[in-house]
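*Asks:* Fold the following for me, if possible:
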Amino acid sequence: MNDLVRPPSPAFVFDLDGTLVDSVYQHVVSWQEALAEAGIKLATWRIHRKIGMSGGLFVRGVQRETGIELSPAEVERLQDAHGRRYAARVPEVQPLPGAPELLRYLTDAGIKWTIATSGRRSGAEPMLAKLGAPADLPMITRDEVARAKPDPDLFLAGAAKLGVDPRDCVVVGDSIWDLLAARRAGSLGVGLLSGGYGQEELERAHAFRVYEEPGDLLTHIDELGVRGAGA
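*Replies:* Model (predicted):
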């Protein structure tokens, strides 16, 4: 008999951009401007399809689509340019509807949660105050793992920070890359439409459920096996 004790409710590992904060299009424009600095033209929709990947995989995809070869130094300059452009837009980024309330609900119910983002810590930390999250949240960023999405490293590290088996985690993300990484981590993947991917795309990437935005997820939180205090 299996003596493993399962928690009464799953823990949650959230992506950040497009999942908790409305920042996808700031990233798209920042990448487009960074590419323009390097003399590379790429349509906005093609950039959007890559948001959620690590910066390195993003650039690799750009090179494949454009046929332009970049040296390691040029790749680094491109990523730095994106970071610089995005940093200037951080003040305009706001939480998605219902995100602070969702996180507060989980906290009040005693349910473990954290954030695991393929963004750098410098861009992610300012979002914590906007979300009403504690400054000492055990957040995982790209700086702390060997590989970002679609590899599972971020979500595995998030589960480890919470002291929870990845199989007992719900990973919430807005892109197919989030859901692929969740599946590879052995976690249950839940999709949100707030990053611009369609419901069918997210379901094909094995989302267990797809909700419009964080507030919609909160309304249907019981569908994910969450039991609040006394439930």
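*Asks:* if I pick the nearest residue to residue 154 once chain neighbours are set aside, what's in contact with it?
*Replies:* Leaving aside its sequence neighbours, residue 154 sits nearest to residue 116 (C-beta to C-beta, 6 or more residues apart in numbering; 4.1 Å). C-beta here means a position set from N, CA and C on the backbone, and glycine is covered the same way. By C-beta atoms under 8 Å, 6 or more residues apart in numbering, the residues touching residue 116 are 13-15, 139-141, 154-155, 157-158.
*Asks:* Please parse this protein into its domains.
*Replies:* The chain breaks down into these structural domains: 11-23+94-224, 24-92 (assignment by automatic domain parsing).
*Asks:* All the strands of the protein, residue numbers only.
*Replies:* 11-14, 113-115, 169-173, 188-192, 209-211 (DSSP state E).
*Asks:* Which member of the contacts of residue 116 is positioned nearest residue 105?
*Replies:* The closest of the contacts of residue 116 to residue 105 turns out to be residue 14 (C-beta to C-beta; 13.0 Å).
*Asks:* So which helix or strand of the protein has the lowest pLDDT on average?
*Replies:* Using mean pLDDT, DSSP states H and E, helix 55-66 stands out as the lowest-scoring helix or strand of the chain, at a mean of 82.
*Asks:* just checking, what packs against that one?
*Replies:* If contacts are counted by 3 or more C-beta pairs under 8 Å, 6 or more residues apart in numbering; DSSP states H and E, helix 55-66 sits against helix 72-89.
*Asks:* could you give me the average pLDDT of the helix it packs on?
*Replies:* Within the predicted structure, the mean pLDDT of helix 72-89 is 90.
*Asks:* and that helix, what other elements does it pack with?
*Replies:* Helices and strands touching helix 72-89, by 3+ C-beta pairs under 8 Å, 6+ apart, are helix 24-37, helix 55-66, helix 121-131.
*Asks:* most tightly surrounded among those helices?
*Replies:* Highest mean neighbour count of the helices and strands packed on helix 72-89: helix 24-37, a mean of 19 (counted as mean count of other C-beta atoms under 10 Å).
*Asks:* circling back to that earlier point, who wins for proximity to residue 38 among the strands of the chain?
*Replies:* The closest of the strands of the chain to residue 38 is strand 169-173. By C-beta to C-beta, the value is 28.4 Å.
*Asks:* what's the model's confidence in the closest one, averaged?
*Replies:* Mean pLDDT, strand 169-173: 98.
*Asks:* ok, residues contacting the least confident helix or strand of the chain?
*Replies:* Counting by C-beta under 8 Å, 6+ apart, 31, 35, 40, 42, 46, 50-51, 53, 68-70, 75, 78-79, 82, 118, 142, 148, 150 sit against helix 55-66.
*Asks:* Give me the distance from that helix to the chain's centre.
*Replies:* Averaging C-alpha positions (C-alpha atoms, centre = their mean, to the nearest Å) puts helix 55-66 19 Å from its chain's average.
*Asks:* pLDDT below threshold where in this protein?
*Replies:* Applying pLDDT under 70 to the chain flags the ranges 1-8, 228-231.
*Asks:* Does residue 85 touch residue 35 like I think?
*Replies:* No: using C-beta atoms under 8 Å, residue 85 is not in contact with residue 35; the gap is 10.2 Å.
*Asks:* picking up where we left off before, would you list the contacts of residue 116 in CSV and tack on distance to residue 227?
*Replies:* CSV is the format used below for those (distance: C-beta to C-beta, whole Å):
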residue, distance to residue 227
13, 18
14, 19
15, 24
139, 25
140, 26
141, 30
154, 27
155, 23
157, 26
158, 21
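*Asks:* Format those residues as TSV; extra columns: distance to residue 173 and neighbour count.
*Replies:* As requested, those are arranged in TSV below (distance: C-beta to C-beta, whole Å; neighbours: other C-beta atoms under 10 Å):
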residue	distance to residue 173	neighbour count
13	9	30
14	8	29
15	4	30
139	15	22
140	13	25
141	15	21
154	10	28
155	9	30
157	15	21
158	12	29
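*Asks:* Lovely, talk soon.
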